[in-house]
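In: have a look at this prediction, sequence included:
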Amino acid sequence: MKKSIYTSSLALLLIGTLVTGCEDLLEETNRTKITIPNSRENPETFDRLLNYTYEISRNNTTRYAPDMLYVLEDLGTDIVTRSSPLNGTDAINDYVDMNASNYVMWKYWENQYKIISAANNLIYNADLIEGVEENVRTKGVGEAKFFRAWSYFKLVENYGGVPIVTEPITTAQSDFTRVEEQEVYALIVNDLNDAINAVDENPADYGRVSKDAARHLLSKVLLTRGYKSFAAADDYDSAISLAETVIANHPLEPTFADVIDIENQRNDEVIFSYLFGSDPLTAGWGNTKHLLYKFEYFNYSGLERGTLYQNGIGRMPTPYFFNMFDEEDTRNEETLRYVLYADVAEDGLEVGDTAIYFPKTAWSQERIDSKPYTVINPDEYLVNDGVTNIHFPMFKKFDDPGAPFVYANEKALGDRDMVMMRGAEAYLIAAEAAFQKNDLAAAANYLNTVRSRAGITTPLTAADIDIAIILEERARELIGEVNRWMDLKRTGTLISRVLEYNPHAALNNAISEKNLLRPIPQPEIDASGNSISQNPGY
């Protein structure tokens, strides 16, 4: 393994860091290294260790590395593909030559263990730091266990059984071995139950882990475990019960527009968010969600590289996703931008004129020729038009007006909150668990609540419910917010849906059973002296 995973020093983590640029959570502290003996005499050390856990969790969520954003969450699924013509190959999206030397596989692994290391340092040293009030100590340990559980959940679903490390490791060691998935899940569930018992129901500081954040994550963990051979008999029931509690405390906003409105970020539906703020000293890399699913629009007349539409990071929704919305579904217009307006006077266009229009149904060539702006029909999204290779209705769900135009290897500096959990997903978790219990009427009721908020007037009946309906509802509601790859893996639909709906992956037809797990990074295997084993097929 890399040294960062199995060697850690308390002194290295005793750096006063701020979780967020917003003052709701934690105030900035002195960025000074402290020796181990002195640090344990200072109760501020506890806050600094906890702050660091939040900070590294936030930073390793908004990016894996400077040019790697969310690629193991959405790319290579049924609803997101690479932003390129229908040719060539790609390891992540197309599953061609995905191997243990792939850098992103190692970086994702490393980042999760960095979070775990930070949490372990807080948990291990909590009782050794003097002067910390008992309730502060209890809550802080619960918060750290929440983040540790979250990282192990990501690791076990991506890689299968992984090495479990629950204490700081202060000397070099390499003899790590993978444990069975069941053991990892036992740790995750125990950590989350501890978190639920320890943290506040309604934290005084916005952005802290609450009981509902831990309940929500545990409900998803239990739903996922319910599919496995080592599932507990009550996993689905418990997932529903936890989701019901979250739903009661986090009611849906009246409209989908309300819940994604940047002026209404901290609404009742939100369960947990990472905060950034606009202070460059504390914002880290910044929120990067506004970079999702955009093309090089600035090559067209009337449009420039600016802070209105910003830049993209090389991925796009699949044609399947664009065709997923009913006519009355308000999430369509709130999620996708079908009109781009000129932000510079050019080639007969004035600022504010339509520059590009994406009709939802194809226009005739005669109608297109009659317009002074560019019109791109749905069947032309992946066809080079002489201006760009690909072009499609861009995402506006995470708009962050004023954020700078940057490239993927530059700090994005988005300052809106990154919503990680909200009430709508609790409904969808409950719906899926009810479906797995064959309670189709209950599943329909959960789905209909979410669909009704989106303006859909025709309710689903019990006879309509299947896993495809549930996955489509998750896509419409949560695209870009949750890990789609894990959704497909959990439900046993990854291979079939990728081949059916991801055009680039279907072209290469390389995905197979081995891809239900990622390859264990080769540098970790080598550093362990081969005590860490590789997943089958890699």
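Out: Nice, thanks for sending it over.
In: for the chain, name the helix or strand with the lowest mean pLDDT.
Out: The helix or strand of the chain with the poorest confidence is helix 10-13; it has a mean of 30 (mean pLDDT, DSSP states H and E).
In: look at the residue most central in space within the chain and give its secondary structure.
Out: The centre of the chain sits closest to Val482, judged by Cα atoms, centre = their mean, with a distance of 4.5 Å. Following DSSP: H, G, I helix; E, B strand; the rest coil, Val482 is assigned to coil.
In: same check on Thr81?
Out: Of the three states, Thr81 takes strand under three-state DSSP.
In: work out the gap between stretch 171-178 and the centre of the chain.
Out: Here stretch 171-178 shows a centroid-to-chain-centroid distance of 29 Å under the convention Cα atoms, centre = their mean, to the nearest Å.
In: got the buried residues for it?
Out: Residues of stretch 171-178 classed as buried under the neighbour-count rule (16 or more other Cβ atoms under 10 Å) are Phe176, Arg178. All C-beta atoms are positioned from the backbone trio N, CA, C, and that covers glycine.
In: next one: stretch 428-435 to chain centre, how far?
Out: 20 Å.
In: identify all contacting residues around that stretch.
Out: By Cβ atoms under 8 Å, 6 or more residues apart in numbering, the residues outside stretch 428-435 that reach it are 216, 219-220, 223, 226, 236-237, 239-240, 243-244, 247, 440, 442-444, 446-447, 450, 465-467, 470, 473-474, 477-478, 491.
In: in helices, which of the residues you listed fall?
Out: 216, 219-220, 223, 226, 236-237, 239-240, 243-244, 247, 440, 442-444, 446-447, 450, 467, 470, 473-474, 477-478 (DSSP state H).
In: what subset of these is buried?
Out: Under a neighbour-count criterion of 16+ other Cβ under 10 Å, the subset of the ones in helices among the contacts of stretch 428-435 counted as buried comprises 216, 219-220, 223, 226, 236, 239-240, 243-244, 247, 440, 442-444, 446-447, 450, 470, 473-474, 477-478.
In: pLDDT score for the closest residue to Val375 other than its chain neighbours?
Out: Excluding the flanking residues, the one nearest Val375 by Cβ to Cβ, 6 or more residues apart in numbering is Ile368, at 4.4 Å. As summarised for this prediction, Ile368 has a pLDDT of 98.
In: check which element follows the helix or strand hosting Ile368 along the chain.
Out: Assigned by DSSP states H and E, Ile368 belongs to helix 365-369. Using DSSP H and E, the helix or strand that follows helix 365-369 towards the C-terminus is strand 374-375.
In: partner strands of that next one, parallel or antiparallel?
Out: As defined by DSSP bridges, the strand partners of strand 374-375 come to strand 354-357 (parallel).
In: who touches the strand it pairs with?
Out: Looking at what lies outside strand 354-357 - Cβ under 8 Å, 6+ apart - the contacts are 297, 300-303, 338-342, 349, 371, 373-376, 391.
In: now that strand: buried residues?
Out: Judged by neighbour count (16+ other Cβ under 10 Å), strand 354-357 contains these buried residues: Thr354, Ala355, Ile356, Tyr357.
In: and what of stretch 310-318?
Out: Neighbour-count burial for stretch 310-318, counted by 16+ other Cβ under 10 Å, picks out Gln310, Asn311, Gly312, Ile313, Gly314, Arg315, Met316, Pro317, Thr318.
In: quick one: end-to-end distance for it.
Out: With Cα to Cα, to the nearest Å applied, stretch 310-318 spans 21 Å between its terminal residues.
In: now do the same contact list for Asn267.
Out: By Cβ under 8 Å, 6+ apart, Asn267 lies in contact with Glu253, Asp258, Val259.
In: so the first one touches Glu269, yeah?
Out: Yes - counting by Cβ atoms under 8 Å, Glu253 sits close enough to Glu269 to count as a contact (4.9 Å).
In: list the residues that contact both of those two?
Out: Between them, Glu253 and Glu269 have Val259 as joint contacts when contacts are counted by Cβ under 8 Å, 6+ apart.
In: that older thread, identify the farthest-apart pair in the buried residues of stretch 310-318.
Out: For the buried residues of stretch 310-318, the farthest-apart pair by Cβ to Cβ is Gln310 and Thr318; their separation is 21.8 Å.
In: and the strands in this protein?
Out: 80-82, 270-274, 315-317, 336-337, 339-341, 354-357, 374-375, 394-395, 418-422 (DSSP state E).
In: now those strands as CSV including mean pLDDT and distance to Tyr501?
Out: CSV is the format used below for the strands of the chain (pLDDT from 0 to 100; distance: least, Cβ to Cβ, whole Å):
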stretch, mean pLDDT, distance to Tyr501
strand 80-82, 98, 9
strand 270-274, 98, 29
strand 315-317, 97, 10
strand 336-337, 98, 17
strand 339-341, 98, 26
strand 354-357, 98, 25
strand 374-375, 98, 25
strand 394-395, 96, 18
strand 418-422, 98, 25
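In: any chance of those in CSV, plus distance to Gly142?
Out: Written out in CSV, the entries for the strands of the chain read as follows (distance: least, Cβ to Cβ, whole Å):
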stretch, distance to Gly142
strand 80-82, 34
strand 270-274, 14
strand 315-317, 36
strand 336-337, 39
strand 339-341, 46
strand 354-357, 49
strand 374-375, 53
strand 394-395, 35
strand 418-422, 16
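In: so which of those strands gets nearest Gln173?
Out: Set against Gln173 and scored by Cβ to Cβ, the strands of the chain come closest in strand 270-274, at 32.1 Å.
In: so what does that closest one touch, helix or strand wise?
Out: With contacts taken as 3 or more Cβ pairs under 8 Å, 6 or more residues apart in numbering; DSSP states H and E, strand 270-274 sits against helix 44-62, helix 211-226, strand 418-422, helix 423-436.
In: please repeat the previous calculation with a cut-off of 7 Å.
Out: For strand 270-274, the contact count by 3 or more Cβ pairs under 7 Å, 6 or more residues apart in numbering; DSSP states H and E identifies helix 211-226, strand 418-422 as packing neighbours.
In: show residues contacting it.
Out: Residues from elsewhere that reach strand 270-274 (Cβ atoms under 7 Å, 6 or more residues apart in numbering): 58, 61, 207, 209, 212-213, 216, 246, 250, 417-423.
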